[in-house]
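Asker: Need coordinates for the following:
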Amino acid sequence: MERYFSATQKMEQEVMFPSLLRGVFPQDGADPAADGPADLYERYQLLKAIKPVVERGLASFTERSSAGHADADADADADAEDAAAAADGAAGSLEQRLCHHLAGLQQILSHLTRDTAALTRRYSQILERISPGDAQPSW
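Answerer: You can find the predicted model right below:
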């Protein structure tokens with residue numbers, strides 16, 4: 001997750017003129033219709049929109065787990081019998097489901113990180129083509 005946040009932060013810092021990404025397609029040869037947004041501008045907008053959702057999801061998960069501890073104390077007696085009965089058969093199932101969902105989340109974050117890094121690299125290439133002589137002073 002740290003790599004994802006680092007990549008999106010770098011993208012936000014480097015992409016100063018997102019409109020330069022309009023009409024620019026990914027170089028990876030992916031079919032734009034099958035892979036989501038058509039041009040890099042749309043991907044940029046999507047990646048920008050996803051970041052707060054990921055951040056909020058992480059924060060709400062943390063809040064829910066801490067609130068869950070307070071609620072668990074109040075409801076512990078009522079749920080103790082249900083939990084004991086369900087724990088015997090469902091512990092393995094819950095563990096498998098959790099592993100499955102965590103693996104899926106990791107896959108999605110890796111994909112988003114890769115897309116974000118590729119978009120940032122492509123934006124840098126566009127800027128280099130637009131102004132290749134900026135590194136040299138113009139006297």
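Asker: Helices of this structure, start to end?
Answerer: For the chain, applying DSSP state H gives helices covering 2-14, 40-130.
Asker: and the last one, average pLDDT?
Answerer: This predicted structure assigns helix 40-130 an average pLDDT of 77.
Asker: if I pick the residue lying closest to K51 once chain neighbours are set aside, what's in contact with it?
Answerer: The shortest distance from K51 to any non-neighbouring residue, by CB to CB, 6 or more residues apart in numbering, is to T8 (5.0 Å). To be clear about C-beta, it is placed using only N, CA and C from the backbone, and glycine gets the same treatment. T8 is in contact with L47, K51, T116, counting by CB atoms under 8 Å, 6 or more residues apart in numbering.
Asker: So Q13 versus A7, what's the distance?
Answerer: Q13 is 11 Å from A7, where distance means CB to CB, to the nearest Å.
Asker: The two: which has the busier surroundings?
Answerer: Taking neighbours as other CB atoms under 10 Å, Q13 and A7 compare with A7 leading, 22 against 9.
Asker: thinking again about what came up before, possible to save the contacts of T8 as a markdown table with distance to R129?
Answerer: Listed next are the contacts of T8 as a markdown table, based on distance: CB to CB, whole Å:
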| residue | distance to R129 |
| --- | --- |
| L47 | 22 |
| K51 | 27 |
| T116 | 21 |
